[in-house]
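Asks: Sharing a model that was predicted from the sequence below.
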Amino acid sequence: MAYKKWIIRSADKEKASELSEKFNMDPFIAYLLVSRGLSDALSVGTFLGDSYVFTSPFNFADMEEATFTIGDAVDAGERICIYGDYDCDGVTSTALLLSFLKSEGADVFYYIPSREGEGYGLNKEAIDYIKEQGADLIVTVDNGISAIDEAEYIYSLGMRLVVTDHHQLADTLPRAEAVVNPHREDNDLEFHDYCGVGVAFKLICAMYECDVNDLVDEYIDLVAIGTIADVVPLIDENRAFVKAGLDKINNNPRPAIEAFKLSNSYDRNKQYTSNEIAFQLCPRINAMGRMDDASKAVEFLVDTDFESCKFRASQLDTENAHRQEVERSILSDVERQIEKNPELVVGRVIVIAGEGYHHGVIGIVASHILERYGKPAIIIGIDENGVARGSARSVEGFNIYEAIASCEKDLIRFGGHPLAAGITLESKNIDIFREHINNYALQKYDLMPPQSFTLDCKLSPDYLTLNLVNSLAALEPYGAANPQPVFGVYNVKLVGVTPLSEGRHIRLELEKKGKRFRAVKFSTSPEEFPYKTGDIINLALKLSKSFFKEKYYLSVQALDVHLASFDEDKYFKEKNDFELYTLCGRVSADLYPSRDDCAAVYRFIKDNGGFAYSVDELYCRLQNKVSYGKLVFALKAFLQAGLLTINERITLLEPSRKVRLEDTEILTELRERLNIG
């Protein structure tokens, strides 16, 4: 995996102390709250409080018009179609509005487009089908804000439209009876970061004439699931949605949630957190839209029969397993391409295409490649007609949407956000698109932003206790803008490494100043772990607790590990210098390895009997002796001189003759480029 830059939050200790006294809370929790931007009594009180007050739905522009239009259609017995989306937010939005309108006596059905066959949003073929079903009114959830042409088509067929969406506005709003969107400038909202199901919930609150708590009791679990899945900030009203939703999920679950619990745990009374919903339930709902038919996920959520829900839950499990299998297959093919052609990951933006890649999975694969190589990644699937559709993921600080927009002439269409985007293009244009987006990155970014990792603070191992975990519960639910705390434990001695689960994971035995503790590193085998007993390391840790034999135990997870001597800034600077030389010939005197540099590299490899890890890991061992560029060029010179081989590990060879590294092709060329005599 690529190295990440660790960023440690900071906080005003005096403000934290004041909050601790005012709220009689753990001073450490007060410090964490201040570090996350909650520094006044009102915001802290709202954040920690169990009660909630929802803002008026009529603070949304057009909410009255939406309410009247839908209400009149219900009263007149008109046929209403809910037009949803195939992701978890769209599915929960659809299930929510469908259930509510049915309870109001509406003649209502829903339509969710196929991810593979239709793609996102309204399309004319779907509109024709909806018209054939006798619809008079279409209400979108989680889509529709950019459907300018499709809206006109709806009216040309004699139907009407209400749009509810949370995506960014285009220059022009679609023709509709009402357009409800939190990003409209004419809203009277202080908070804007709702997801689709949040907007749908505000709509039914506006339509309901009785106590809004009735709607909370009935539907808030759906709002919570969609809000968690769409990774919107879990602050303000979103936090209230999720807190109330988790209470329903854990204490009064609908049959679908009860069936999900049963399929994932022998304990039907298990208390689920937002993290568990995010990593267990949401992927299953998403998988149905990715791999099969999202309507099956809608039917699962609205089903009132527990036995039927158990069957539907098994369908979700099956599709999720299928999704994982397809994901592994595509990822393996991508890695094979990289192994065959390493130039694919040399550029600043990784662009890799393959025939038949499932479009519902390529975004997940792009995330894996980003994580592995630390660079923005775009994975493209080519269909049988030569049309290529790609999904992009990026690092904080590199706006992938703007980068893609700079290549607009290469594309059929594109859309997205700074960290994630989608593209469609002809397959013949993939190579030129790769060239253009990498040129953009070279021209606009002298230093590419590295992947980053935020630590809440440094901790001594003495503080890693169940009491700390119990105190941290005040910060839940966790999610975007309020992540689970991560702590840095520095200058720890690695005492031992034990394989777990047949070598799929490892347990680390650690010690600092006589204090011993353990941490689990998931998805890392002993062979992949580049650290050895006796190393002094820094760890980024996440804490939780597990229950076993009527007792709670502290669980410590290692998310990231560095050598304690690792200088992040030096590493990213030197690696960037090397890449700039490779990509555009920008020279730096810190690239050419001297005889002493080469000797230091050779000696380390010899003393360790070779090296079984990446060049970056080797650099970390030698960081105080050679620069990144010098290390790479020394290795290339050794390779050309026949002094080593690089396959799965770096292995030294006995030279067949005396060699002068200065005479190797790579160092000769480098001296000429650097004008070294």
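Replies: Thanks, I have the structure now.

Asks: Please, where are all the strands along the stretch 451-600 of the chain?
Replies: Remark: strands assigned in the stretch 451-600 of the chain by DSSP state E, counting those that start in this stretch are 452-455, 457-458, 487-500, 505-512, 515-521, 536-548, 551-563.

Asks: other SSEs contacting the one helix or strand residue 259 maps to?
Replies: Here residue 259 sits within helix 255-264, counting by DSSP states H and E. Counting contacts by 3 or more CB pairs under 8 Å, 6 or more residues apart in numbering; DSSP states H and E, helix 255-264 packs against helix 295-302, helix 306-340. Placement of C-beta: from N, CA and C, glycine included.

Asks: Pick the most deeply packed of those helices.
Replies: Greatest average neighbour count among these goes to helix 295-302 (a mean of 22), per mean count of other CB atoms under 10 Å.

Asks: low-scoring stretches of the stretch 251-400 of the chain, by residue?
Replies: Residues of the stretch 251-400 of the chain meeting the criterion pLDDT under 70: 265-269.

Asks: cool, and the chain?
Replies: Applying pLDDT under 70 to the chain flags the ranges 265-269, 677.

Asks: Quickly find the element holding the residue nearest the centre of it.
Replies: The centre of the chain sits closest to residue 367, judged by CA atoms, centre = their mean, with a distance of 7.1 Å. Assessed by DSSP H and E, residue 367 sits inside helix 362-373.

Asks: One more: residue 70?
Replies: Going by DSSP H and E, residue 70 is in helix 63-75.

Asks: The closest residue to residue 41 other than its chain neighbours: what secondary structure?
Replies: If the residues on either side of it in the chain are set aside, residue 41 comes closest to residue 22, at 5.9 Å by CB to CB, 6 or more residues apart in numbering. Assigned by DSSP: H, G, I helix; E, B strand; the rest coil, the conformation of residue 22 is helix.

Asks: Residue 22: neighbour count?
Replies: 12 (other CB atoms under 10 Å).

Asks: who's in contact with residue 308?
Replies: residue 255 (CB atoms under 8 Å, 6 or more residues apart in numbering).

Asks: ah, wrong one, I meant residue 351
Replies: Per CB under 8 Å, 6+ apart, neighbours of residue 351: 344, 377-378, 380, 390, 430, 433-434, 437-438.

Asks: Provide a list of residues in contact with residue 380.
Replies: By CB under 8 Å, 6+ apart, the contact set of residue 380 is 351-354, 357, 362, 388-390, 423, 425, 430.

Asks: now with 10 Å?
Replies: Each residue near residue 380 by CB atoms under 10 Å, 6 or more residues apart in numbering is listed here: 351-354, 357, 359, 362, 366, 388-392, 423-425, 427, 430, 433-434.

Asks: Ok, residue 640 next?
Replies: 659, 661, 663-668.

Asks: which of those residues lies closest to residue 474?
Replies: Nearest to residue 474, judged by CB to CB, of those is residue 666 at 57.5 Å.

Asks: what comes up buried for the helix or strand containing the closest one?
Replies: Assigned by DSSP H and E, residue 666 falls within helix 665-674. Neighbour counts over helix 665-674 (16 or more other CB atoms under 10 Å) mark 666-667, 670 as buried.

Asks: ditto for stretch 202-220
Replies: For stretch 202-220, by 16+ other CB under 10 Å, it's 202-208, 215-216, 218-220.

Asks: How about stretch 108-118?
Replies: Result for stretch 108-118 [16+ other CB under 10 Å]: buried residues 108-113, 115.

Asks: So which of these belong to strands?
Replies: 108-111 (DSSP state E).

Asks: could those residues go into a markdown table alongside distance to residue 323?
Replies: Below are these laid out as a markdown table (distance: CB to CB, whole Å):
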| residue | distance to residue 323 |
| --- | --- |
| 108 | 30 |
| 109 | 27 |
| 110 | 23 |
| 111 | 23 |
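
Asks: ok, those vs residue 583, which is closest?
Replies: Closest to residue 583, out of all of these and judged by CB to CB, is residue 111, at 47.2 Å.

Asks: just checking, the closest one touches residue 121?
Replies: No. In this structure, residue 111 is not within contact of residue 121 by CB atoms under 10 Å, at 11.7 Å.

Asks: which residues do the two both contact?
Replies: Common neighbours of residue 111 and residue 121, using CB under 10 Å, 6+ apart, are residue 83.

Asks: Skipping adjacent residues, who's closest to residue 623 in space?
Replies: residue 567 (6.2 Å).

Asks: The stretch 1-150 of the chain: helices as residue ranges?
Replies: Listed in chain order, the helices of the stretch 1-150 of the chain (DSSP state H, counting those that start in this stretch) span residues 13-23, 27-35, 41-48, 63-75, 88-103, 124-132, 148-156.

Asks: for those, which one sits closest to residue 647?
Replies: The minimum distance between residue 647 and the helices of the stretch 1-150 of the chain falls on helix 88-103, with 42.5 Å, by CB to CB.

Asks: Which positions in the closest one come out as buried?
Replies: So for helix 88-103, counting by 16+ other CB under 10 Å, buried means 88-101.

Asks: okay, now the closest residue to residue 130 other than its chain neighbours: neighbour count?
Replies: Nearest residue to residue 130 in three dimensions, chain neighbours excluded: residue 81, at 4.8 Å (CB to CB, 6+ apart). Residues lying near residue 81 (other CB under 10 Å) number 23.

Asks: so residue 81 touches residue 141, yeah?
Replies: No. Using CB under 10 Å, residue 81 is not in contact with residue 141, being 11.0 Å away.

Asks: quick one: residue 29 from residue 48, how far?
Replies: Per CB to CB, to the nearest Å, residue 29 is found 9 Å from residue 48.

Asks: ditto for residue 541
Replies: According to CB to CB, residue 541 and residue 48 sit 24 Å apart.

Asks: Those two - which one has more neighbours?
Replies: Per other CB under 10 Å, whichever of residue 541 and residue 48 has more neighbours is residue 541, with 23 against 15.

Asks: Please name the bridge partners of the more buried one.
Replies: residue 487, residue 558 (DSSP bridges).

Asks: my guess is it meets residue 468, correct?
Replies: No. Using CB under 10 Å, residue 541 is not in contact with residue 468, being 11.1 Å away.

Asks: doesn't residue 637 make contact with residue 663?
Replies: Yes. Counting by CB under 10 Å, residue 637 is a contact partner of residue 663 at 9.4 Å.

Asks: tell me the contacts of residue 309?
Replies: Residue 309 neighbours (CB under 10 Å, 6+ apart): 254-260, 262-263, 299-303.

Asks: ok, now which ones touch the closest residue to it other than its chain neighbours?
Replies: Of all residues not flanking residue 309 in the chain, residue 259 sits nearest, at 3.7 Å (CB to CB, 6+ apart). Residues in contact with residue 259 (CB under 10 Å, 6+ apart) are 253, 268, 300, 303, 305-314, 316.

Asks: what does residue 332 give?
Replies: Shown in contact with residue 332 (CB under 10 Å, 6+ apart): residue 365.

Asks: Could you measure from it over to residue 368?
Replies: From residue 332 over to residue 368 (counting by CB to CB), the distance is 11 Å.

Asks: And residue 627, by the same measure?
Replies: Residue 627 is 30 Å from residue 368, by CB to CB.

Asks: Between those two, tell me which one has more neighbours.
Replies: Between residue 627 and residue 368, counted using other CB under 10 Å, the more crowded position is residue 627 (25 against 18).

Asks: I'd assumed residue 574 was in contact with that one.
Replies: Yes. Shown here, residue 627 and residue 574 form a contact pair, counting by CB under 10 Å, at 4.8 Å.
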